[in-house]
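Visitor: 3D model of this:
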Amino acid sequence: MSSGQGLSISRLRCGVNGTDILKGIDLTVEPGHVHALMGPNGSGKTTLALALAGHPQYAVAEGTVMLDGADLLAMSPDKRAKAGVFLSFQYPAAIPGVKVANFLFAARQAVRPDEKLPPPKFRQLLLEKMDALGMDASFLGRYLNDGFSGGEKKRLEMLQMAVLAPRYAILDETDSGLDVDALKHIGEAIASMRATEDGRRMGLLLITHYPRILQYVRPDVVHVMLDGRIVKTGGADLADRIEREGYDIVRDGAIA
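Guide: Sure, this is the predicted structure:
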């Protein structure tokens with residue numbers, strides 16, 4: 001990795017209402033690499049995602065986050081998105097009255113304000129991405145997540161990621177609530193969309209409670225978080241062992 005490249009988190013401490021949740025996180029997602037962040041509920045995984053996105057309720061008390069050499073924490077949430085960071089939510093919000101097509105067009109314009117992409121060309125881009133994801137064009141006329149199933153919401157999140165083509169994507173429990181077929185489809189979609197429009201491969205921080213999605217998006221590095229700390233880092237085999245034996249092997253120190 002060249003100097004300054006990557007989404008680099010160092011000594012990050014963060015909390016809500018004066019209560020520490022993250023207690024010193026060190027983690028670097030290199031361009032083009034997949035890092036899986038695993039841990040049981042309540043370990044701090046979603047707090048990390050929201051802190052990286054700039055959620056105002058999550059106050060960073062200490063540490064740094066650098067995005068390809070730039071200070072991410074000094075940026076407002078919209079500037080973080082423009083700089084190339086994408087966050088998919090565990091529970092995407094419904095917005096009745098806002099059509100999917102209009103939302104995606106506005107999002108693309110907000111992230112790429114200097115881009116000249118007229119509506120007909122944007123629609124062509126959108127249909128190409130939807131075809132790759134196996135989505136019907138009727139999605140475009142629906143209201144954002146209004147009445148969507150869990151699988152449809154997650155598929156729309158993947159469409160947003162495809163349209164915005166970020167440099168780094170933080171996927172917060174994208175596998176949550178999916179059945180086996182939907183999980184396979186979403187996992188394969190993530191794996192297929194990692195090439196960005198500028199020719200480099202997207203870096204992924206894939207946050208998950210269960211390692212099953214990692215069958216489809218194979219990680220380069222696996223981190224295990226407990227009580228606001230990363231307590232173990234290893235390869236893909238670490239996720240495989242947790243799938244077989246659970247998080248107690250980390251809690252009990254069974255993995256050296």
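
Visitor: distance between the ends of stretch 81-94?
Guide: End-to-end distance for stretch 81-94: 20 Å, by C-alpha to C-alpha, to the nearest Å.

Visitor: Okay, buried residues for it please.
Guide: Ala81, Ala83, Gly84, Val85, Phe86, Leu87, Ser88, Phe89, Gln90, Pro92 (16 or more other C-beta atoms under 10 Å). C-betas here are computed from N, CA, C, even on glycine.

Visitor: go on, stretch 241-249?
Guide: Arg241, Ile242, Tyr247, Ile249.

Visitor: Same question for stretch 112-131.
Guide: Result for stretch 112-131 [16+ other C-beta under 10 Å]: buried residues Phe122, Arg123, Leu125, Leu126, Lys129, Met130.

Visitor: need the residues you listed in CSV with pLDDT, can you?
Guide: Output for the buried residues of stretch 112-131, formatted as CSV (pLDDT from 0 to 100):
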residue, pLDDT
Phe122, 92
Arg123, 91
Leu125, 90
Leu126, 92
Lys129, 88
Met130, 89
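
Visitor: just the strands in this structure please.
Guide: 7-16, 19-29, 34-38, 59-67, 70-71, 85-88, 95-99, 143-144, 168-172, 203-208, 221-226, 229-234 (DSSP state E).

Visitor: how about these, which one is nearest Thr46?
Guide: Proximity to Thr46 (C-beta to C-beta) singles out strand 168-172 among the strands of the chain, at 5.6 Å.

Visitor: Quick check: Ala218 touching His33?
Guide: Careful, residue 218 is Arg; it's not Ala. No. Arg218 is not in contact with His33 according to C-beta atoms under 8 Å; the separation is 11.1 Å.

Visitor: Tell me which of the two has more neighbours.
Guide: Set side by side, Arg218 and His33 show more neighbours around His33, with 20 against 12, by other C-beta atoms under 10 Å.

Visitor: Look up the closest residue to that one, ignoring the ones flanking it.
Guide: Distances taken as C-beta to C-beta, 6 or more residues apart in numbering place Asp220 nearest to His33, at 4.6 Å, with adjacent residues excluded.

Visitor: Then Ala239?
Guide: That would be Pro211: by C-beta to C-beta, 6+ apart, it lies 4.1 Å from Ala239.

Visitor: ditto for Thr28
Guide: Using C-beta to C-beta, 6+ apart, the nearest residue to Thr28 is Ser8, at 4.4 Å.

Visitor: The one you found: what's it in contact with?
Guide: Residues in contact with Ser8, defined by C-beta atoms under 8 Å, 6 or more residues apart in numbering, are Leu27, Thr28, Val29, Thr64, Val65, Met66, Leu67.

Visitor: so who does the fifth one touch?
Guide: Spelled out, that is Val65. Per C-beta under 8 Å, 6+ apart, neighbours of Val65: Leu7, Ser8, Ile9, Ser10, Leu12, Leu52, Asp71, Leu72, Leu73.

Visitor: in this protein, what spans have low per-residue confidence?
Guide: Residues of the chain that meet the criterion pLDDT under 70 lie in 1-3, 195-199, 253-256.

Visitor: Pull up the distance across stretch 216-235, start to finish.
Guide: End-to-end for stretch 216-235, by C-alpha to C-alpha: 15 Å.

Visitor: can you count the residues close to the nearest residue to Leu133 once chain neighbours are set aside?
Guide: Nearest residue to Leu133, sequence neighbours excluded (C-beta to C-beta, 6+ apart): Ala189, at 5.4 Å. Ala189 has 23 neighbours, counted by other C-beta under 10 Å.

Visitor: same thing with Ala182?
Guide: 17.

Visitor: can the contacts of Ser8 go into TSV with extra columns for distance to Leu48?
Guide: Below are the contacts of Ser8 laid out as TSV (distance: C-beta to C-beta, whole Å):
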residue	distance to Leu48
Leu27	8
Thr28	13
Val29	12
Thr64	14
Val65	10
Met66	15
Leu67	15
